[in-house]
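**Q** For reference, the sequence and a predicted model appear below.
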There are 2 protein chains.
Amino acid sequence: MAGYRKYHKEDKVSYALGVTLVFELLKSKAEYVNKVYIHSSMNKGDTLDKLIGICNIHEIDMVYTDKIFNVLSQKENCYVIGEFRKFKGELDNNLSHIVLVNPSNAGNMGTIMRSALGFGLNQIAIIRQAVDAFDPRVVRASMGAIFSTNFVYFDSFDDYKDNYPDRELYTFMLDAKKKIYDISPKGKFSLIFGNEAAGLPKEFAEVGTSVVIPHTAAIDSLNLPIAAGIAMYQATIMKL
Amino acid sequence: MAGYRKYHKEDKVSYALGVTLVFELLKSKAEYVNKVYIHSSMNKGDTLDKLIGICNIHEIDMVYTDKIFNVLSQKENCYVIGEFRKFKGELDNNLSHIVLVNPSNAGNMGTIMRSALGFGLNQIAIIRQAVDAFDPRVVRASMGAIFSTNFVYFDSFDDYKDNYPDRELYTFMLDAKKKIYDISPKGKFSLIFGNEAAGLPKEFAEVGTSVVIPHTAAIDSLNLPIAAGIAMYQATIMKL
């Protein structure tokens, strides 16, 4: 009898909590799914039938138990959990990237993944120290976008830059002189964002083109996923 | 001896949790502050001295107790709580507005307030049913922007429209034909957003100009505060 435990970042597996997320998981990463857990409160009907059908096709075990829900899910109305093996992404050097330097908040990372996928920028470099992208809170906030995102961790920004040298770099910094609406990338680019509280370290002013999203003095800064969303919108404007 | 209880939306007061938020509260709405509570783990030093100084100027009682923290704050490192009377805003008919139709998530509303203040759009109409803007989770997510925001509840959108008739209306809808980068408001305007899950009801297609923020088919929609942030950016672009 398996004992269930809370998620830890060292684990080989993570979890999609809730039926909508599990469908997204099965749509994009079925080959990584170990098991789908069903809670006793899950209604019989079309949704469950569809889930059973998909699991059958992919020969995924369905386990009927409430125990794992007590351990992994604080939310009400979570009656399906998908357990998946962590997958490895690879960045495409021919595409534009998002670079997150020391992101610390799981919800923010998930929200950024969702926006990035929405703007066709689902190539994300994550510079350590950084939150664990497989944290179930990232998975949830991404609304499943994580399953269609290529993300790779790097120990330093230099490490990233050495691997992907040939592109326009835009660093988002509050004291930048250039305004975001004045940029229009011609080729492939990387949009580079700092930590929620600290922003990018000063030395990033020397990296590529430093830009700011102008805002009133009434706030200290825009929320990170908002700034990233606006930047992605502006950088891809009229391409969608 | 006062018994402390959790926040309820019927309460006459709400709370700013944490020292940063309490400073924002005192900066913008000191006249509404009833009390400032200090936890026994709050360090002596410059920050506390500054807080004491400001409270003295405004003749605000400081209460040294841990009890209210156990009731109101789940977060670690929350050592200061500001209790304030709910204040009433008024929308300025000469200014542009944000209109939130049936917003349901407290964190989202706070994040939108922060962006709105950042784009000089701190006039927010909220159409019921809607989350309580004074919920401490809204206050927190707003990073204090709520204390500089004029927000007013309306029972229906018509009610809002009747009171503020003379402006450009933009409704954000996924099936709109017009793209957001094609709009450039000339006078005062209102940006109108629907509920997180449901969006705006169909009939809003007949209200003003219906617009969409284009995104790939890989996501169902952008997260509401992201969409609102991009819309505010585009509507005020080059004015900041």
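**A** Structure received.
**Q** switch to C-alpha atoms for all contacts and neighbour counts from now on
**A** Will do.
**Q** Going along the chain, name the helices of chain A.
**A** Using DSSP state H, the helices of chain A run over A:19-29, A:46-57, A:67-72, A:106-118, A:136-141, A:157-163, A:224-236.
**Q** And the contacts of the third one?
**A** Around helix A:67-72, the neighbours that count as contacts under Cα atoms under 8 Å, 6 or more residues apart in numbering or on different chains are A:4-7, A:37, A:39, A:78-79, A:81.
**Q** want to throw the helices of chain A into TSV with mean pLDDT, mean neighbour count and distance to B:Glu203?
**A** Listed next are those as TSV, based on pLDDT from 0 to 100; neighbours: other Cα atoms under 10 Å in any protein chain shown; distance: least, Cα to Cα, whole Å:
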stretch	mean pLDDT	mean neighbour count	distance to B:Glu203
helix A:19-29	98	20	27
helix A:46-57	98	13	30
helix A:67-72	94	16	40
helix A:106-118	98	26	26
helix A:136-141	97	23	30
helix A:157-163	98	14	49
helix A:224-236	97	22	27
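**Q** any chance of these in JSON lines, plus distance to B:Met62?
**A** JSON lines is the format used below for the helices of chain A (distance: least, Cα to Cα, whole Å):
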{"stretch": "helix A:19-29", "distance to B:Met62": "47"}
{"stretch": "helix A:46-57", "distance to B:Met62": "55"}
{"stretch": "helix A:67-72", "distance to B:Met62": "40"}
{"stretch": "helix A:106-118", "distance to B:Met62": "34"}
{"stretch": "helix A:136-141", "distance to B:Met62": "37"}
{"stretch": "helix A:157-163", "distance to B:Met62": "46"}
{"stretch": "helix A:224-236", "distance to B:Met62": "34"}
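**Q** What residues does chain A have near chain B?
**A** By Cα under 8 Å from any Cα of the partner chain, the residues of chain A that approach chain B are A:111, A:114-115, A:117-120, A:145, A:181, A:214-219, A:221-223, A:225-226, A:229-230, A:233, A:237-238, A:240.
**Q** Provide a list of residues in contact with the residue nearest to A:Leu21 when sequence neighbours are not counted.
**A** Using Cα to Cα, 6 or more residues apart in numbering or on different chains and skipping residues adjacent in sequence, the residue nearest A:Leu21 is A:Gly144, 5.6 Å away. Residues near A:Gly144 by Cα under 8 Å, 6+ apart: A:21, A:24-25, A:114.
**Q** Determine which two of these are furthest apart.
**A** A:Leu25 and A:Arg114 (14.0 Å; Cα to Cα).
**Q** for chain A, what are the low-confidence residue spans?
**A** A:1-2, A:240 (pLDDT under 70).
**Q** hmm, 90 instead?
**A** A:1-3, A:73-77, A:183-184, A:237-240 (pLDDT under 90).
**Q** Let me see the ranges of the strands in it.
**A** Secondary structure of chain A by DSSP state E: the strands cover A:13-17, A:33-38, A:61-64, A:80-85, A:97-101, A:123-127, A:150-154, A:168-172, A:178-179, A:189-193, A:209-212.
**Q** need those in a markdown table with mean neighbour count and distance to B:Leu51, can you?
**A** Shown next, in a markdown table, are those (neighbours: other Cα atoms under 10 Å in any protein chain shown; distance: least, Cα to Cα, whole Å):
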| stretch | mean neighbour count | distance to B:Leu51 |
| --- | --- | --- |
| strand A:13-17 | 23 | 43 |
| strand A:33-38 | 21 | 51 |
| strand A:61-64 | 15 | 55 |
| strand A:80-85 | 22 | 47 |
| strand A:97-101 | 24 | 33 |
| strand A:123-127 | 24 | 37 |
| strand A:150-154 | 19 | 41 |
| strand A:168-172 | 22 | 33 |
| strand A:178-179 | 16 | 36 |
| strand A:189-193 | 23 | 33 |
| strand A:209-212 | 20 | 32 |
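**Q** With distance to B:Asn150 added, can I get those in TSV?
**A** Below are those laid out as TSV (distance: least, Cα to Cα, whole Å):
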stretch	distance to B:Asn150
strand A:13-17	37
strand A:33-38	46
strand A:61-64	50
strand A:80-85	42
strand A:97-101	34
strand A:123-127	38
strand A:150-154	40
strand A:168-172	30
strand A:178-179	28
strand A:189-193	31
strand A:209-212	27
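**Q** In the contacts of helix A:67-72, which residue is surrounded by the most others?
**A** Among those, the one with the most neighbours (other Cα atoms under 10 Å in any protein chain shown) is A:Ile81, at 25 neighbours.
**Q** how near is that one to B:Pro136?
**A** For A:Ile81, the distance to B:Pro136 equals 31 Å [Cα to Cα, to the nearest Å].
**Q** can you list the domain ranges for chain A.
**A** A:13-85, A:97-236 (automatic domain parsing).
**Q** now the end-to-end length of the shortest one.
**A** It stands for domain A:13-85. Terminal-residue distance, domain A:13-85 (Cα to Cα): 4 Å.
**Q** what's the answer for the longest one, then?
**A** End-to-end distance for domain A:97-236, by Cα to Cα: 12 Å.
**Q** This completes my enquiry, with thanks.
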